[in-house]
Structure formats: structure tokens, C-alpha cells
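A.B. asks: Quick one: sequence and predicted model below, then my questions.
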Amino acid sequence: MRLALFQPDIPQNAGALLRLGACLGVPVDLIEPAGFLIDDRRLARAALDYLARADLTRHVSWGGYRAGRPPGRLVLLSTAAETRHLDFAFRADDALLLGRETVGVPAEVRAACDGEVRVPMRAGLRSLNVALAAALVLGEALRQTNGFPEAA
């Protein structure tokens, strides 16, 4: 299981996702360009001292990510997806793709995905914070695949 951040806009969200990945033992792929400097102090502040413990791979572009990513399905988290994350059969080698906070992902990225899931929400509300949505979906994916780390 992996998290893939497509051109993130907000360093605090990227930091929270790196912390999530570090705590759960899930590698994080950061697909550039980002909307902030990767060494930005806000990223480090959000990730706290977990940044050094995160398994982070930076990719200079979408093409670079696609060329070098490990095998497995690419599953997009999208508010427009028809399938609820609770109804999706995750696999241990899935990469959960998170779009930009401001605009999601372009059509070419969506087309390259093997599946799309959404977090069910109350009607009339737009979306969850990307880090919160990722935590919900990743938790379900790890539960299904028995991928949570063992307690120390």
C-alpha cells in the first residue's frame, strides 16, 4: 500500500500525510511540481519529527512517477467517484492517489487510474480535507488487507 500525492498545494496537508504514512508504515510518493517548496518550514512543522521517519519518494513529474512506480493498481480518491471506499476491494499493492486540494487531477491522470473511490458524506457538503479523506480510505484499505503495523 502506498499514498501518492499529485502536485499538492498545501504544505500542512502534505506534512500530515507524511506523518500518516510514517505512523502506519505506508510509503508516500510526492508527484511534483508542488505548490510550495518541498523543504518549506510549514511542511516540516506539519510532519513534526515524523518527516525523518517517512518513506518519501519525490517524482519530478507525472510521467516520472508513472515510469518509476512499483507495480499495483492506482486508485484515485475523488468526490466524483461512484464507488464508496467501503465497497471497494483494496489490494495490498494499491497506491491511493490524492489530487491537488484546489483542482483535483487532470483528465489524463484520472484516465490512468485503475479505480476511483469516494468517502460517503452528507448531501450538500462539498468535500473533506484531503488528509482526512486519505486517513479514512487508507484505514479501510489497511483493514481489508491486514496491513496495519503490529503494535510495539
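C.D. replies: Yep, that arrived.
A.B. asks: Can you give me the buried ones in the longest helix that the chain contains?
C.D. replies: In the chain, with assignment by DSSP state H, the single longest helix is helix 130-145. Buried positions in helix 130-145, judged by neighbour count with 16 or more other Cβ atoms under 10 Å: V130, A131, A133, A134, A135, L136, V137, L138, E140, A141, L142, Q144. (C-beta placed from N, C-alpha, C; glycine too.)
A.B. asks: now the closest residue to the second one other than its chain neighbours, what's its secondary structure?
C.D. replies: So the one you mean is A131. Excluding the flanking residues, the one nearest A131 by Cβ to Cβ, 6 or more residues apart in numbering is A16, at 4.1 Å. Of the three states, A16 takes helix according to DSSP: H, G, I helix; E, B strand; the rest coil.
A.B. asks: isn't A16 right up against Y50?
C.D. replies: No. Counting by Cβ atoms under 8 Å, A16 sits too far from Y50 to count as a contact (9.7 Å).
A.B. asks: Neighbour count for the two, which is higher?
C.D. replies: Comparing A16 with Y50 by other Cβ atoms under 10 Å, the one with more neighbours is A16, at 22 against 17.
A.B. asks: quick one: the more buried one from P149, how far?
C.D. replies: Counting by Cβ to Cβ, to the nearest Å, the gap from A16 to P149 is 18 Å.
A.B. asks: Mind listing the residues bridging to R2?
C.D. replies: A95 (DSSP bridges).
A.B. asks: where's it relative to D39, distance?
C.D. replies: 22 Å.
A.B. asks: Can you pick out the residue with more neighbours from those two?
C.D. replies: The neighbour comparison of R2 against D39 (other Cβ under 10 Å) goes to R2, with 20 against 8.
A.B. asks: Tell me how far the more buried one lies from G147.
C.D. replies: 11 Å.
A.B. asks: overlap in contacts of those two?
C.D. replies: Counting by Cβ atoms under 8 Å, 6 or more residues apart in numbering, the contacts common to R2 and G147 are V26.
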